[in-house]
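**Q** Predicted model and sequence below, questions to follow.
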Amino acid sequence: MTTREEVLAFNLKPDAAAAAAAWLAYLRDERRLAQKTLEAYGRDIAQFAAFVTEHLGRPADLAALAALRPADFRSFMAALTRRGLGVKSRARKLSAVRAFYRYLARRHAIDNAALSVLRGPKLPRALPHPVDEARAREALAMAGQSDAGRPPWVAARDAAVLALLYGAGLRISEALALTPADVAPLLAGRADVLMIRGKGGRERPVPVLEPVVEMIGDYVARCPFDLQPEEPLFRGVRGKPLSARVIQQLMARLRGALGLPQTA
(Lines give C-alpha, C1' and ligand atoms only; values in the text may rest on other atoms or scores of the structure.)
Protein backbone atom coordinates (compact mmCIF):
# COMPACT_ATOMS: atom_id res chain seq x y z
CA MET A 1 0.00 0.00 0.00
CA THR A 2 1.38 3.45 -0.90
CA THR A 3 1.59 6.29 1.57
CA ARG A 4 -1.20 8.11 -0.25
CA GLU A 5 -3.48 5.07 -0.07
CA GLU A 6 -2.69 4.67 3.61
CA VAL A 7 -3.66 8.29 4.26
CA LEU A 8 -6.94 7.87 2.38
CA ALA A 9 -7.75 4.59 4.13
CA PHE A 10 -6.98 6.08 7.54
CA ASN A 11 -8.94 9.31 7.04
CA LEU A 12 -11.92 8.05 5.06
CA LYS A 13 -14.48 5.34 5.65
CA PRO A 14 -14.25 2.43 3.17
CA ASP A 15 -16.90 3.77 0.79
CA ALA A 16 -15.27 7.21 0.55
CA ALA A 17 -11.74 5.77 0.36
CA ALA A 18 -12.83 3.48 -2.47
CA ALA A 19 -14.42 6.41 -4.30
CA ALA A 20 -11.22 8.46 -3.97
CA ALA A 21 -9.12 5.56 -5.26
CA ALA A 22 -11.53 5.04 -8.15
CA TRP A 23 -11.34 8.74 -9.01
CA LEU A 24 -7.54 8.62 -9.17
CA ALA A 25 -7.74 5.49 -11.33
CA TYR A 26 -10.19 7.31 -13.62
CA LEU A 27 -7.75 10.21 -13.98
CA ARG A 28 -4.97 7.75 -14.81
CA ASP A 29 -6.80 5.35 -17.13
CA GLU A 30 -9.50 7.45 -18.79
CA ARG A 31 -8.21 10.99 -18.57
CA ARG A 32 -4.60 9.77 -19.02
CA LEU A 33 -3.13 12.54 -16.93
CA ALA A 34 0.64 12.80 -16.59
CA GLN A 35 2.19 10.96 -13.67
CA LYS A 36 3.26 14.13 -11.87
CA THR A 37 -0.23 15.57 -12.24
CA LEU A 38 -1.70 12.38 -10.83
CA GLU A 39 0.68 12.50 -7.88
CA ALA A 40 -0.31 16.11 -7.20
CA TYR A 41 -4.02 15.23 -7.27
CA GLY A 42 -3.35 12.29 -4.95
CA ARG A 43 -1.51 14.49 -2.44
CA ASP A 44 -4.20 17.15 -2.59
CA ILE A 45 -7.12 14.79 -1.98
CA ALA A 46 -5.21 12.96 0.76
CA GLN A 47 -4.55 16.30 2.46
CA PHE A 48 -8.22 17.21 2.15
CA ALA A 49 -9.22 13.84 3.64
CA ALA A 50 -6.84 14.35 6.58
CA PHE A 51 -8.31 17.79 7.21
CA VAL A 52 -11.89 16.50 7.10
CA THR A 53 -11.08 13.77 9.64
CA GLU A 54 -9.55 16.26 12.05
CA HIS A 55 -12.28 18.80 11.40
CA LEU A 56 -15.16 16.37 11.98
CA GLY A 57 -13.40 14.35 14.64
CA ARG A 58 -13.93 11.08 12.73
CA PRO A 59 -13.19 9.55 9.32
CA ALA A 60 -15.68 10.70 6.71
CA ASP A 61 -17.90 8.49 4.61
CA LEU A 62 -19.64 9.55 1.40
CA ALA A 63 -22.61 10.88 3.34
CA ALA A 64 -20.32 13.09 5.44
CA LEU A 65 -18.58 14.41 2.32
CA ALA A 66 -21.97 15.22 0.81
CA ALA A 67 -23.01 17.10 3.95
CA LEU A 68 -20.00 19.43 4.19
CA ARG A 69 -21.03 23.07 4.31
CA PRO A 70 -19.39 26.17 2.81
CA ALA A 71 -17.95 26.95 6.24
CA ASP A 72 -16.22 23.55 6.26
CA PHE A 73 -14.52 24.19 2.94
CA ARG A 74 -13.56 27.68 4.05
CA SER A 75 -11.97 26.14 7.13
CA PHE A 76 -9.94 23.88 4.84
CA MET A 77 -8.71 26.87 2.87
CA ALA A 78 -7.93 28.73 6.10
CA ALA A 79 -5.92 25.76 7.34
CA LEU A 80 -3.86 25.82 4.14
CA THR A 81 -3.21 29.52 4.65
CA ARG A 82 -2.04 28.93 8.22
CA ARG A 83 0.40 26.36 6.89
CA GLY A 84 1.93 29.06 4.75
CA LEU A 85 0.78 27.81 1.35
CA GLY A 86 0.79 30.42 -1.40
CA VAL A 87 -2.18 31.53 -3.43
CA LYS A 88 -1.41 29.26 -6.40
CA SER A 89 -0.98 26.19 -4.20
CA ARG A 90 -4.26 26.85 -2.38
CA ALA A 91 -6.06 27.40 -5.69
CA ARG A 92 -4.68 24.12 -7.06
CA LYS A 93 -5.81 22.16 -4.00
CA LEU A 94 -9.28 23.65 -4.18
CA SER A 95 -9.39 22.77 -7.88
CA ALA A 96 -8.53 19.15 -7.00
CA VAL A 97 -11.32 19.01 -4.42
CA ARG A 98 -13.81 20.44 -6.93
CA ALA A 99 -12.73 17.84 -9.50
CA PHE A 100 -13.19 15.05 -6.95
CA TYR A 101 -16.69 16.27 -6.13
CA ARG A 102 -17.58 16.48 -9.81
CA TYR A 103 -16.61 12.83 -10.08
CA LEU A 104 -18.71 11.98 -7.01
CA ALA A 105 -21.68 13.76 -8.58
CA ARG A 106 -21.36 11.71 -11.79
CA ARG A 107 -20.57 8.30 -10.31
CA HIS A 108 -22.23 8.42 -6.87
CA ALA A 109 -25.02 11.00 -7.31
CA ILE A 110 -23.44 13.16 -4.59
CA ASP A 111 -24.15 16.79 -5.31
CA ASN A 112 -22.68 19.16 -2.75
CA ALA A 113 -23.86 22.68 -3.55
CA ALA A 114 -21.51 24.18 -0.96
CA LEU A 115 -18.60 24.18 -3.40
CA SER A 116 -20.57 26.17 -5.97
CA VAL A 117 -20.84 29.15 -3.61
CA LEU A 118 -17.22 28.96 -2.44
CA ARG A 119 -14.88 31.53 -3.91
CA GLY A 120 -11.33 30.42 -4.51
CA PRO A 121 -8.24 32.49 -3.66
CA LYS A 122 -7.74 35.40 -6.02
CA LEU A 123 -4.76 34.74 -8.25
CA PRO A 124 -2.54 37.71 -9.10
CA ARG A 125 -2.82 38.77 -12.72
CA ALA A 126 0.40 38.25 -14.61
CA LEU A 127 1.14 41.15 -16.93
CA PRO A 128 2.38 40.35 -20.44
CA HIS A 129 6.00 41.15 -21.19
CA PRO A 130 6.41 42.81 -24.59
CA VAL A 131 9.58 42.09 -26.54
CA ASP A 132 11.86 44.94 -27.54
CA GLU A 133 11.56 46.61 -30.94
CA ALA A 134 14.43 44.71 -32.57
CA ARG A 135 13.08 41.28 -31.58
CA ALA A 136 9.57 42.33 -32.60
CA ARG A 137 10.87 43.24 -36.06
CA GLU A 138 12.57 39.83 -36.29
CA ALA A 139 9.34 38.09 -35.32
CA LEU A 140 7.30 40.04 -37.87
CA ALA A 141 9.85 39.37 -40.60
CA MET A 142 9.88 35.65 -39.87
CA ALA A 143 6.07 35.52 -39.70
CA GLY A 144 5.93 37.19 -43.13
CA GLN A 145 8.19 34.65 -44.83
CA SER A 146 6.39 32.26 -47.16
CA ASP A 147 7.64 28.76 -47.96
CA ALA A 148 6.33 25.53 -49.44
CA GLY A 149 3.95 25.05 -46.52
CA ARG A 150 2.85 28.69 -46.20
CA PRO A 151 1.64 30.47 -49.34
CA PRO A 152 2.36 34.21 -49.58
CA TRP A 153 -1.15 35.25 -48.56
CA VAL A 154 -0.92 33.19 -45.33
CA ALA A 155 2.46 34.75 -44.51
CA ALA A 156 0.98 38.21 -45.17
CA ARG A 157 -1.99 37.38 -42.94
CA ASP A 158 0.20 36.22 -40.06
CA ALA A 159 2.40 39.30 -40.30
CA ALA A 160 -0.66 41.57 -40.31
CA VAL A 161 -2.18 39.92 -37.25
CA LEU A 162 1.07 40.06 -35.28
CA ALA A 163 1.54 43.69 -36.34
CA LEU A 164 -1.87 44.51 -34.88
CA LEU A 165 -1.03 42.70 -31.65
CA TYR A 166 2.36 44.37 -31.22
CA GLY A 167 1.98 47.67 -33.09
CA ALA A 168 -1.59 48.46 -32.01
CA GLY A 169 -1.76 46.54 -28.73
CA LEU A 170 -4.86 44.54 -29.64
CA ARG A 171 -5.86 41.30 -27.97
CA ILE A 172 -5.99 38.28 -30.27
CA SER A 173 -9.78 38.20 -29.99
CA GLU A 174 -9.98 41.89 -30.94
CA ALA A 175 -7.73 41.48 -33.98
CA LEU A 176 -9.66 38.45 -35.22
CA ALA A 177 -12.99 40.24 -34.75
CA LEU A 178 -12.04 42.94 -37.27
CA THR A 179 -13.98 43.14 -40.52
CA PRO A 180 -13.02 44.64 -43.88
CA ALA A 181 -15.40 47.52 -43.09
CA ASP A 182 -13.43 48.24 -39.90
CA VAL A 183 -10.12 48.66 -41.74
CA ALA A 184 -11.45 50.26 -44.95
CA PRO A 185 -10.94 53.85 -43.67
CA LEU A 186 -7.33 52.99 -42.77
CA LEU A 187 -6.60 51.46 -46.16
CA ALA A 188 -8.22 54.43 -47.96
CA GLY A 189 -6.16 56.93 -45.95
CA ARG A 190 -9.26 58.49 -44.39
CA ALA A 191 -8.38 57.54 -40.80
CA ASP A 192 -5.42 56.56 -38.64
CA VAL A 193 -7.34 54.93 -35.78
CA LEU A 194 -9.45 51.82 -35.28
CA MET A 195 -12.52 51.83 -33.07
CA ILE A 196 -12.18 48.64 -31.03
CA ARG A 197 -14.98 47.17 -28.96
CA GLY A 198 -13.34 45.49 -25.98
CA LYS A 199 -14.48 43.74 -22.85
CA GLY A 200 -17.80 44.94 -21.48
CA GLY A 201 -18.78 46.36 -24.87
CA ARG A 202 -16.72 49.52 -24.33
CA GLU A 203 -15.25 51.15 -27.42
CA ARG A 204 -11.83 52.73 -27.54
CA PRO A 205 -9.88 54.45 -30.33
CA VAL A 206 -6.62 52.68 -31.18
CA PRO A 207 -3.98 54.54 -33.23
CA VAL A 208 -2.57 52.40 -36.04
CA LEU A 209 0.92 53.08 -37.39
CA GLU A 210 1.50 53.28 -41.14
CA PRO A 211 3.63 50.08 -41.30
CA VAL A 212 0.75 48.18 -39.69
CA VAL A 213 -1.70 49.62 -42.22
CA GLU A 214 0.63 48.54 -45.02
CA MET A 215 0.75 44.97 -43.69
CA ILE A 216 -3.04 44.83 -43.50
CA GLY A 217 -3.27 46.17 -47.06
CA ASP A 218 -0.77 43.58 -48.28
CA TYR A 219 -2.84 40.80 -46.74
CA VAL A 220 -6.11 42.11 -48.21
CA ALA A 221 -4.52 42.34 -51.66
CA ARG A 222 -3.20 38.77 -51.49
CA CYS A 223 -6.14 37.03 -49.76
CA PRO A 224 -7.77 34.61 -52.24
CA PHE A 225 -11.20 34.78 -50.60
CA ASP A 226 -14.03 37.24 -51.17
CA LEU A 227 -13.88 39.45 -48.09
CA GLN A 228 -17.36 40.84 -47.54
CA PRO A 229 -17.50 44.11 -45.56
CA GLU A 230 -19.15 42.73 -42.42
CA GLU A 231 -17.52 39.30 -42.35
CA PRO A 232 -14.28 38.40 -40.54
CA LEU A 233 -11.22 40.00 -42.13
CA PHE A 234 -8.72 37.28 -41.29
CA ARG A 235 -9.34 33.82 -42.75
CA GLY A 236 -7.98 30.34 -42.34
CA VAL A 237 -6.62 28.35 -45.27
CA ARG A 238 -10.11 27.07 -46.12
CA GLY A 239 -11.75 30.47 -45.95
CA LYS A 240 -13.33 30.15 -42.54
CA PRO A 241 -12.70 32.73 -39.77
CA LEU A 242 -9.14 32.45 -38.50
CA SER A 243 -8.80 30.64 -35.18
CA ALA A 244 -6.89 32.23 -32.32
CA ARG A 245 -5.17 28.87 -31.86
CA VAL A 246 -3.39 29.34 -35.21
CA ILE A 247 -1.84 32.60 -34.01
CA GLN A 248 -0.94 31.12 -30.63
CA GLN A 249 0.85 28.25 -32.37
CA LEU A 250 2.62 30.72 -34.66
CA MET A 251 3.84 32.69 -31.67
CA ALA A 252 5.04 29.48 -30.01
CA ARG A 253 7.10 28.64 -33.12
CA LEU A 254 8.55 32.15 -33.20
CA ARG A 255 9.50 31.95 -29.52
CA GLY A 256 11.38 28.75 -30.20
CA ALA A 257 13.05 29.97 -33.39
CA LEU A 258 14.11 33.35 -32.00
CA GLY A 259 14.79 32.32 -28.41
CA LEU A 260 12.07 34.60 -27.04
CA PRO A 261 10.96 34.11 -23.43
CA GLN A 262 7.75 32.19 -22.68
CA THR A 263 6.21 35.46 -21.47
CA ALA A 264 6.52 37.03 -24.95
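**A** Yes, it's here.
**Q** Quick check: next helix or strand after whichever strand or helix holds Ala21?
**A** Element membership of Ala21 [criterion: DSSP states H and E] is helix 14-29. Later in the chain than helix 14-29, the nearest helix or strand by DSSP H and E is helix 35-56.
**Q** other SSEs contacting whatever helix or strand comes next after that next one?
**A** Proceeding C-terminally, helix 35-56 gives way to helix 62-67 as the next helix or strand, assigned by DSSP H and E. If contacts are counted by 3 or more Cβ pairs under 8 Å, 6 or more residues apart in numbering; DSSP states H and E, helix 62-67 sits against helix 14-29, helix 35-56, helix 87-108. (C-beta placed from N, C-alpha, C; glycine too.)
**Q** What are the boundaries of the helices in the stretch 101-250 of the chain?
**A** For the stretch 101-250 of the chain, the helices defined by DSSP state H, counting those that start in this stretch cover 133-143, 152-167, 172-176, 180-187, 210-222, 244-258.
**Q** relative to helix 210-222, how tilted is the second one?
**A** It refers to helix 152-167. Counting by axes from the mean of the first three to the mean of the last three Cα atoms, to 10 degrees, helix 152-167 points 160 degrees away from the direction of helix 210-222.
**Q** relative to helix 244-258, how tilted is helix 152-167?
**A** 80 degrees.
**Q** What are the buried residues along helix 152-167?
**A** Residues of helix 152-167 classed as buried by neighbour count (16 or more other Cβ atoms under 10 Å): 153-167.
**Q** relative orientation of it and helix 180-187 in degrees?
**A** Computed with the same axes, to 10 degrees, the direction of helix 152-167 lies at 80 degrees from that of helix 180-187.
**Q** Sounds good, over and out.
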